[in-house]
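Student: okay, here's the prediction I keep looking at, along with the sequence it came from:
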Amino acid sequence: MANALAVSAPIFSALADPTRREVFERLARGPLAVGELAHGLPVSRPAVSQHLKVLKEAGLVTDRPDGTRRVYQIDPRGLGQIRAWLDQFWDEALEAFRAEVERDDPRDDEIGDDKMGEGKTS
Amino acid sequence: MSQTIQPAPIRKSFTVRAGREKAWDVFTAGFGRWWPKTHYIGDSPLTDAGIEPRAGGRWYGIHADGVERPWGQVKVWDPPARLVLDWQISHEWGYTPDLHTDVEVIFTAVGEAETRIDFEHRGLEAFGDSEAAVKTRTSMDGGWGHILESFKAAVGG
């Protein structure tokens, strides 16, 4: 069996920051609003919001409105992780497709700018 | 726990230096030439992969032991414009009959010699319901712990 669930690069970089890891570990204990998360952390509330944004883009947390607040939680089904794995897999596969389709292109002297990844959503 | 998580579809758009017919042909008939051989089901290395050229056809891998393993079905076969595959591969790289997610590839001509590829893998929430996903989650000790463990191992901490 090759390539069981791998931890992908976006997840690594999202957790590389100690404060962000602390935010993530707090959420792992239960859903919290931004204000609750900021309480007791040595950083400002806007900084916490910024960390949450990075975690969300990495697929590690999700948010939902709760009245006027926004509550953050880890994805209990691990879907963010699966998504990150697939995202990386498709980057690799589609790059291989592009290389193959252009392999014997007679106009290889043209500059082919790397557009892979544009239009990517998270 | 009443929340439903809807992961965003994976989308990739890029342009290849080839006409639409050729891009379609390499993607489908030439599937085995570019599909990464590093990802496969079972113990025997992947040697080839294919897509049957019709709606209802199969897409599959062929292994060094001669065994052909299914990956899902062709849902839409509309050359050279649109291909939709039913991706039934779990995150443990196993064929999962009860898992259905859509992989759609749209080929759009850009001038004579370029083709825009719009790729989307959607319906990822299905991974949360499949048997394999449930099994993996329950064996992961709370789900996320091992991510942090892997991370710490990777950074040497």
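Tutor: In hand now; what should we look at?

Student: hey, let's count contacts and neighbours off CA atoms from now on
Tutor: Noted.

Student: quick one, strands of the chain?
Tutor: All of this refers to chain A. Using DSSP state E, the strands of chain A run over residues A:32-33, A:61-66, A:69-74.

Student: switch to chain B, please.
Tutor: B:10-16, B:46-51, B:58-63, B:68-78, B:82-87, B:101-110, B:114-122.

Student: name the helices or strands packed onto the fifth one?
Tutor: Put plainly, it is strand B:82-87. strand B:68-78, strand B:101-110 (3 or more C-alpha pairs under 8 Å, 6 or more residues apart in numbering or on different chains; DSSP states H and E).

Student: if I look at residue B:61, how far off is chain A?
Tutor: 14 Å (C-alpha to the nearest C-alpha, to the nearest Å).

Student: also residue B:7?
Tutor: For residue B:7 relative to chain A (C-alpha to the nearest C-alpha), the value is 7 Å.

Student: isn't that residue up against residue A:83?
Tutor: Yes: Residue B:7 is in contact with residue A:83 according to C-alpha atoms under 8 Å; the separation is 7.3 Å.

Student: overlap in contacts, these two.
Tutor: Listed as contacting both residue B:7 and residue A:83 by C-alpha atoms under 8 Å, 6 or more residues apart in numbering or on different chains are A:59, B:124.

Student: who has more neighbours, those two?
Tutor: residue A:83 (26 against 19; other C-alpha atoms under 10 Å in any protein chain shown).

Student: contacting residues around the more buried one?
Tutor: A:59, B:7, B:10, B:124.

Student: apply 7 Å and report the result again.
Tutor: Under the criterion of C-alpha atoms under 7 Å, 6 or more residues apart in numbering or on different chains, residue A:83 has no neighbours.

Student: ok, residue A:40 next?
Tutor: Taking C-alpha under 7 Å, 6+ apart as the definition, residue A:40 has no contacts.

Student: could you list the low-pLDDT ranges of chain A?
Tutor: Regions of chain A meeting the criterion pLDDT under 70 cover residues A:1-13, A:75-78, A:80-81, A:104-122.

Student: picking that back up, chain B is nearest to which of the strands of chain A?
Tutor: strand A:61-66 (7.6 Å; C-alpha to the nearest C-alpha).

Student: got the contact list for that closest one?
Tutor: In contact with strand A:61-66 (C-alpha under 7 Å, 6+ apart) are residues A:55-56, A:70-75.

Student: is the spatially most central residue of chain B in a bridge, and if so with what?
Tutor: The structure's chain B has its C-alpha centroid closest to residue B:87; by C-alpha atoms, centre = their mean the separation is 5.5 Å. Beta bridges link residue B:87 to residue B:72, residue B:101 when assigned by DSSP bridges.

Student: just the pLDDT for it.
Tutor: pLDDT for residue B:87: 93.
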